[in-house]
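> Structure, please.
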Amino acid sequence: MAAQLGDTHVFVVAQEVIPTAYFDIAAARRAGEVFAAMFLIPDRRAALAYELSHAFIEGDYDRRRFVFDAIGSGSLNVGGRVLAELNVYEAEVKVALADVSRIPDALVVRSWTEAEAHRVLRGYARPHVARWYPARDLGVWTKAAGRDLVIVWAPDYPAEKCAIHTFALHDLHAPVVVVCRGGQGSSKRARYVDVDSADVPGLLSRALCIVDTSLDDPSWTQAFAARGMSVASATTSGAHEVADGVALYEPWSYRSIWAATAEALGSRASAARESPPSLDVIHRALEDSRPRVPEREPLVSIIIPTYNRRKDLARILRSVTAQSYANLEVLVVNDAGESVADFAGIDPRISVIEREVNQGTFAVMNYALDLVRGQYVVVMADDDEVYPDHLMRLVEALERTGASVAHSNVLIRFEKARNGEFQTTGYNCSVFCFPLDRTQVFSSSPVAGQGLMFRRTAFERIGKWDVDSVVGDQEIQIRLAEISDFTHVPHVTAEWLLRDSGAQMSRTWQKDVVADMKRVFERHPAPGRPYVEALRKQALERVASRPPGDVFTPTVSVADWGERVPGADA
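Residues are numbered from 1 along each chain as shown. Have a look, this model is predicted:
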C-alpha cells in the first residue's frame, strides 16, 4: 500500500510505532516539509476478536460455540478481565494519536468510516482529510462455469488470524478456501492457500462469493466488486462506501459473519461504486492546507530578548530568516549578556542592541516595543523555533479577521543533556493547541508566547508588559482578551523548548508564581462570574500542588533517552 503512494509525502504509521513515528513527523515539520500522515489503527474490538479466536479453534465444536458467543458479546474472561473492558484502546494510544495527528498538514484515511473512528479516538476533528486507498491487482482469470467455492480473502493476515471466519463457516456445505499470508490453520473444514501461490487465480475463478477479512481497508472489496463478485465485508472496513450490494458483518461475531456469507451467496453480485481514487486527492488536501498569502503583506516586527545563549540564538535566527513571509524586521536585544553583535551580519533585516544592565525579559520586551516599526509584533524567546509558515499563517489570520491577536498551535519539545550535548527526549502537542474564549483567558492562558502575534496598536490601548510580574505573559493576555478575540490558527507552526527538566522550576520560583497569579487575579477581578472564580481557584491549586520540576511533561517520550531515536536531533 505504501509503495503505491510513490513520491507523495505521506507517513504511513502502524499503531505499534506511533511513539517512534512522532519523532520523525516532528522532525519533518521542523524542516518545513509539507506532508500527510496515515495512521493504521484497526477497530480494537475486531482486532482482539481476530487475536483471540485462534486460541479456541480446536476442541468440541458445540463447546466452542459458547466461547465464540462470549467473544461476540464481550463477556469472555481474559486473564481475569471481561473482554468488553479490553475492547477499547488504552488512554496512552488515544493521547499519542491525538498529539501526533495535529502535526501533519493533512491526514489520509481509507474510508470515511475510518475517519470517524479516528476522530473519536483523537477526540477532535481535523481539516484537510483525504480519502484514498490503493488499487488492488487480482490477476488474470475469468469466472468458471461451475463455481463452487467460498473464499475467505485474508492476504494481509496469517492463517491463525482467520479462525473466527473458519469457525463461522464450519457448517457450510460449500468448500471453504482461505487465501492468507502463509500458515496452516486449525480448521478441518477449510483449505489454506498462500496468497502468492500460483493456485490463487484458479481458485478465484471458482468463487461463489468472497469473504473479505479486512478490518479497515475497503480496497479489496472494491476490486472484487469491480470484477462482479459477491462480497461479504466487515462493517469497520468502509466497504459499503465503495461498492453496492455488499453483505456486511460485525467482525467480532461469528454469527454475523455466517449471516453475511449466506446473504452474499443468495444475492446478486456486488457492484463497484467507484474506481480507486488517484493520488490527486492527497495532493489537493496538501495544497489546501498551505498558508494563504494575504492581499497585503505589512511589516512584521520580531522581538527576541537574549541572554548568554548564542547557540540557541543562532538557531532561532535561522528559522526566522527562513520564513516564507519576507516583510519582517528582527530586533535582538541582549540583556547585558555575552555579546551577540556579530549576529547582525546574518541578514540585513536583523538589528542587535547590546544593553549594559540586565533588567529582565519583560523590561527588554517593553524597551524593544518602542523601537520596532511593524504593524504586527511577535515576541520569541532565544531558544524557541518557528517553522517556515509561522508568520504567513498568523498575518493572514489577522488581515482576514481584523482581530488584535492571533495564535497558532505550538509543539513542546523536551531536551536533556548527555555528554555535553542536548538530545530530544519527547514531545507534547496537547497543551498549546486549543482555541480560547475570554472566560478561559481570564483564568489561565495555555498559549505559548512565540505562538502569538499582536497588532501593535493594541498596546496603545492596553499598555505594555508588567515588569514586576512573574506571569507577565498571562497578565497581558487577560488585558488583550478584554479588547479582542484570540483568533486561532489550527496549525503547528512553532516549538517551545523545555530543557533539562529537573532544573526548570525551583520550589521558590513556584511559590512566586502562585503569589503572583493571585495578584493578577486581584488586579483583574471577575465579579458575578462564579465560573471564572472556580477556574481560578483550580488553577492556583494545580500550580501549588506541582512537585518541583517542569510545568509540563511529554506525551510521547524516550524511556532510555540515551538510545538513538529516529528523527531525534542532538
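
> mind checking how far the residue nearest the centre of the chain is from Gly345?
For the chain, the residue nearest the mean C-alpha position is Ser101 (1.0 Å; C-alpha atoms, centre = their mean). As judged by C-beta to C-beta, to the nearest Å, Ser101 and Gly345 stand 41 Å apart. Any C-beta I mention is one placed from the backbone N, CA and C, and that applies to glycine too.

> One more: Val532?
From Val532 to Gly345 the distance is 49 Å (C-beta to C-beta).

> ditto for Pro527
Taken as C-beta to C-beta, the span from Pro527 to Gly345 is 54 Å.

> ok, the two, which is more surrounded?
The residue with more neighbours, out of Pro527 and Gly345, is Gly345; 9 against 6, by other C-beta atoms under 10 Å.

> give me phi/psi at the closest residue to Val82 other than its chain neighbours?
With C-beta to C-beta, 6 or more residues apart in numbering as the measure, Ser75 is the residue that lies nearest to Val82, at 6.2 Å, once sequence neighbours are left out. Dihedral angles of Ser75 (phi, psi; degrees, to the nearest 10) stand at phi -90, psi 0.

> cool, Asp370 as well?
Dihedral angles (degrees, to the nearest 10) for Asp370: phi -80, psi -10.

> Let me see the ranges of the helices in the stretch 101-250 of the chain.
For the stretch 101-250 of the chain, the helices defined by DSSP state H, counting those that start in this stretch cover 112-122, 163-168, 200-205, 219-226.

> returning to what we had before: return the per-residue confidence for the residue nearest to the residue nearest to the centre of the chain when sequence neighbours are not counted.
Closest residue in space to Ser101, ignoring its immediate chain neighbours: Arg122 at 5.4 Å, by C-beta to C-beta, 6+ apart. Per-residue confidence at Arg122 stands at 92 (pLDDT).

> How about the contacts made by Arg122?
By C-beta atoms under 8 Å, 6 or more residues apart in numbering, Arg122 lies in contact with 94, 97-98, 101.

> And the helices in the stretch 251-400 of the chain?
254-266, 280-289, 310-321, 361-369, 390-401.

> Do I have it right that Val364 meets Val332?
No: between Val364 and Val332 there is no contact under C-beta atoms under 8 Å: 10.1 Å.

> Surely the residue nearest to the centre of the chain is in contact with Ala125?
No: using C-beta under 8 Å as the test, Ser101 is too far from Ala125 to be in contact (10.3 Å).

> All the strands of the stretch 51-200 of the chain, in order from the start?
Listed in chain order, the strands of the stretch 51-200 of the chain (DSSP state E, counting those that start in this stretch) span 77-78, 81-82, 106-109, 129-131, 149-154, 176-180, 190-194.

> Relative to Ala26, which of the ones you listed is closest?
Each of the strands of the stretch 51-200 of the chain has some distance to Ala26 by C-beta to C-beta; the shortest is strand 106-109, at 15.9 Å.

> Neighbouring strands of that closest one in the sheet, and parallel or not?
Applying DSSP bridges, strand 106-109 is found paired with strand 36-40 (parallel), strand 129-131 (parallel).
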